[in-house]
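>>> give me coordinates for this.
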Amino acid sequence: MGAVEAAADNRDGEPVLLRYRNRAVRPEDVAFVNSLVAQGLTRSQLYRAACEAWGWRQANGNWSILACQDLLLRLEERGHLRLPPGRRRAQPKRELPLLPMDLIPLSGLEVGDADADLDSLSVRPIEPEERLGWRIYMARYHYLGVRPIVGEHLLYAAFLGSELVALLGWAGAALQAPLRDNYIGWDATSKRRQLRLVANNIRFLVLPWVRVRHLASKVLAANLRRLSGDWHKAWGHPLLLAETFVDTSRFRGTCYRAANWQCLGQTAGRSRHANRYPRNGVPKALFVYPLHRRAAHALRGSD
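Below you'll find the model as predicted:
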């Protein structure tokens, strides 16, 4: 629901300046925000403080930072308050390089902790003309390479300012994942009906020349904030749960833990072959992240 102006509403003795997502904004709310501005808070600190004071959360439990930002900008446009100056950000590049594999540089952006501004991080779905670039980078730099993706999926690019720093891929959930099925409480019928509401993070690549502390977890968090909405736009339905499988012989899953994913345990090491799942694969750690605060309940079809 968008914002709707309200001329006046004196039920509580004060006029309503604005109605936004079923919230009546009154002069006392504006006075509170102005008191935060007077404390010298930055815009990002201001949005977080307002969300905490108002208990304003998304359905998945995260703070409604973007909605709060939109509300305060609307109030500023109408002259009700004056926000602190915003930080100028470079616009991300629109395209990934569409280059032959042997021309992609082995080194590029050199970013150290002291130079990187994580406030300039942006994550977005790639454009159709960027698919070749995404595939080339994965083929060159990801240990699993690149394979055809069948069915519903989304591919993403992450930027610091205008520099490409990471790539991600999401596809339909794994068919056989007993740890996940037990976590949700699925029987065969509900799993068959609801599996499409789970997405698998099949690829995550931070480009090898990028060295920024906490970048990977920040990229994951930014991607998760928009994943369900993007999926609904692309495929006609939202997502309730994200999953991924981490090869613990290579990685520890640190960025997933830092982004508040939950590790369900180690898989049995099965790999798909001729519709059977023999124990000849590599055991992996299974991580999940609820995109809805009652994800397991909803996935059982109980909502």
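
>>> quick one: Ala171 is in a strand?
Yes: applying DSSP: H, G, I helix; E, B strand; the rest coil, one finds Ala171 inside a strand.

>>> got phi/psi on the closest residue to it other than its chain neighbours?
Leaving aside its sequence neighbours, Ala171 sits nearest to His153 (CB to CB, 6 or more residues apart in numbering; 4.2 Å). Backbone N, C-alpha and C define where each C-beta goes, glycine included. Dihedral angles of His153 (phi, psi; degrees, to the nearest 10) stand at phi -160, psi 160.

>>> close enough to count as contact, His153 and Arg147?
No: in this structure, His153 is not within contact of Arg147 by CB atoms under 8 Å, at 11.5 Å.

>>> so for the two, which sits in the more crowded spot?
Set His153 next to Arg147 and count neighbours by other CB atoms under 10 Å: His153 wins out with 16 against 11.

>>> distance of the more buried one from Gly145?
His153 is 16 Å from Gly145, where distance means CB to CB, to the nearest Å.

>>> now do Gly151
From Gly151 to Gly145 the distance is 19 Å (CB to CB).

>>> with Leu41 instead?
46 Å.

>>> of the two, who's got more company?
Leu41 (18 against 11).

>>> for the more buried one, which non-adjacent residue is spatially closest?
Ala49 (6.4 Å).

>>> and the helix or strand containing Val219, what does it pack against?
Using DSSP states H and E, Val219 sits within helix 215-235. When contacts are defined as 3 or more CB pairs under 8 Å, 6 or more residues apart in numbering; DSSP states H and E, helix 215-235 sits against strand 121-125, strand 153-160, strand 163-172, strand 198-206, helix 254-258.

>>> can you tell me which of those is nearest to Glu243?
strand 198-206 (5.3 Å; CB to CB).

>>> what segments of the protein are helices?
Here the chain has its helices, by DSSP state H, at 27-38, 43-54, 65-77, 131-141, 178-184, 188-194, 215-235, 254-258, 295-299.

>>> domain map for this structure?
3-77, 101-299 (automatic domain parsing).

>>> present those domains as TSV; the columns should include distance to Pro85 and mean pLDDT.
TSV is the format used below for these (distance: least, CB to CB, whole Å; pLDDT from 0 to 100):
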stretch	distance to Pro85	mean pLDDT
domain 3-77	8	78
domain 101-299	14	84
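
>>> please state the offset of stretch 211-220 from the chain centre?
13 Å (CA atoms, centre = their mean, to the nearest Å).

>>> no wait, stretch 65-78
21 Å.

>>> which residues touch that stretch?
Outside stretch 65-78, the residues that touch it by CB atoms under 8 Å, 6 or more residues apart in numbering are 3, 17-18, 20-21, 23, 25, 30, 33, 43-44, 46-48, 50-51, 54, 56, 81-83, 225.

>>> output it as CSV, restricted to C-alpha atoms.
Written as CSV, here are the backbone C-alpha positions of stretch 65-78 (Å, rounded to 0.1, in the frame of the first residue of the first chain):
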residue,chain,number,x,y,z
ILE,A,65,14.7,0.7,6.5
LEU,A,66,13.6,1.4,3.0
ALA,A,67,10.0,2.1,3.9
CYS,A,68,11.1,4.4,6.7
GLN,A,69,13.5,6.2,4.3
ASP,A,70,10.6,6.7,1.8
LEU,A,71,8.3,8.0,4.6
LEU,A,72,10.9,10.6,5.9
LEU,A,73,11.7,11.8,2.4
ARG,A,74,8.0,12.3,1.7
LEU,A,75,7.7,14.3,5.0
GLU,A,76,10.7,16.4,3.9
GLU,A,77,9.2,17.1,0.5
ARG,A,78,6.1,18.5,2.3
